[in-house]
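Q: Give me a 3D structure for the following:
(chains A and B)
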Amino acid sequence: DSGVTQTPKHLITATGQRVTLRCSPRSGDLSVYWYQQSLDQGLQFLIQYYNGEERAKGNILERFSAQQFPDLHSELNLSSLELGDSALYFCASSPSPSYNSPLHFGNGTRLTVT
Amino acid sequence: ILNVEQSPQSLHVQEGDSTNFTCSFPSSNFYALHWYRWETAKSPEALFVMTLNGDEKKKGRISATLNTKEGYSYLYIKGSQPEDSATYLCASPGSNDYKLSFGAGTTVTVRA
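A: Model (predicted):
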C-alpha cells in the first residue's frame, strides 16, 4: 500500500459530461502529480502541485483542470468529456517537488467515456 | 517532453534465470533516472532513483546501473522468480522540474 488514495476506482460517464477525480497524498507528502495512461500509451504527465500551488504543467487539455487544497488533497476535473478521454488516471505524491524524490502512486481511477 | 525509450518491449524468462533490459534517454541535461515496477492490477512502485554517472543500486535480486554520458541505464534481475513478473518503467525529467517522461516499459514474464 503506497498510502496514496484515489477515488473513485472506476467511473463510467457519457460524452459531454464533467467528472471529478480525487486524490489524497501519502501522509507528509506535499507534492501531488497527475498522470494519464491511455490505451497503448505510456504514462503522460498532466500537472504537478506543491503545497497548494501549481508547479509544473504537461500536455494537459484546456478542458482539464486541477487544484490542491489546504489539506493537501487534490482534485482533477475533466469537462466536456470525449471518447478519447477514456484512460487510467493516476495520482502520485512525493515529500518535495525534487526530481530525485521517488513518486508514490495511487491505484488509479479508470475513466470510461461512452 | 523527453524521449525515453525502453527495450525490449517484452521478454519471457525461465524461473531461476537472470535477465536485463535497457532504458535509453538523452545524455544532455541529465538530472535523474527513475525505475518503477508495475504489477498487474496494482500501482507503479518505485525501485530506484539514480542521479550520478556510474551509480549502481540494488534491492534484493534487482539491481540497476547508470551511464549518463552515453544515456542508458540497465535493470538486472538475478535468479528470476514468478513474483518478478511485471512491467518495469523508467522515467527521467527533461529539466530540473518534475515533468517526468516515462518510457513505454519492459514487460517481464517469468515462467515457472
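
Q: Enumerate every residue touching the residue in chain A that chain B sits nearest to.
A: With Cβ to the nearest Cβ as the measure, A:Pro102 is the residue of chain A nearest to chain B, at 3.4 Å. To be clear about C-beta, it is placed using only N, CA and C from the backbone, and glycine gets the same treatment. Listed by Cβ atoms under 8 Å, 6 or more residues apart in numbering or on different chains, the contact set of A:Pro102 reads A:94, B:34, B:46, B:49.

Q: May I see those residues organised as JSON lines, with distance to A:Arg26 and neighbour count added?
A: Listed next are the contacts of A:Pro102 as JSON lines, based on distance: Cβ to Cβ, whole Å; neighbours: other Cβ atoms under 10 Å in any protein chain shown:
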{"residue": "A:Ser94", "distance to A:Arg26": "8", "neighbour count": "23"}
{"residue": "B:His34", "distance to A:Arg26": "17", "neighbour count": "26"}
{"residue": "B:Ala46", "distance to A:Arg26": "12", "neighbour count": "19"}
{"residue": "B:Val49", "distance to A:Arg26": "16", "neighbour count": "20"}
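
Q: want to throw those into JSON lines with pLDDT and distance to B:Cys23?
A: Shown next, in JSON lines, are the contacts of A:Pro102 (pLDDT from 0 to 100; distance: Cβ to Cβ, whole Å):
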{"residue": "A:Ser94", "pLDDT": "93", "distance to B:Cys23": "20"}
{"residue": "B:His34", "pLDDT": "96", "distance to B:Cys23": "9"}
{"residue": "B:Ala46", "pLDDT": "96", "distance to B:Cys23": "15"}
{"residue": "B:Val49", "pLDDT": "95", "distance to B:Cys23": "13"}
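
Q: Would you tell me which residues of chain A are close to chain B?
A: Taking Cβ under 8 Å from any Cβ of the partner chain, the part of chain A that reaches chain B is made up of A:2, A:4, A:31, A:33, A:35, A:42-45, A:48, A:55-56, A:58-59, A:90, A:97-108.

Q: where do the strands sit along chain B?
A: B:5-7, B:10-14, B:19-24, B:33-38, B:45-50, B:56-59, B:62-67, B:72-77, B:86-93, B:100-102, B:106-111 (DSSP state E).

Q: Out of the ones you listed, name the one with the poorest average pLDDT.
A: Of all these, the minimum mean pLDDT falls on strand B:100-102 (a mean of 90).

Q: now the strands for chain A?
A: Using DSSP E, strands in chain A cover A:5-7, A:10-13, A:19-24, A:31-37, A:44-50, A:53-57, A:64-68, A:74-78, A:87-94, A:104-105, A:109-113.
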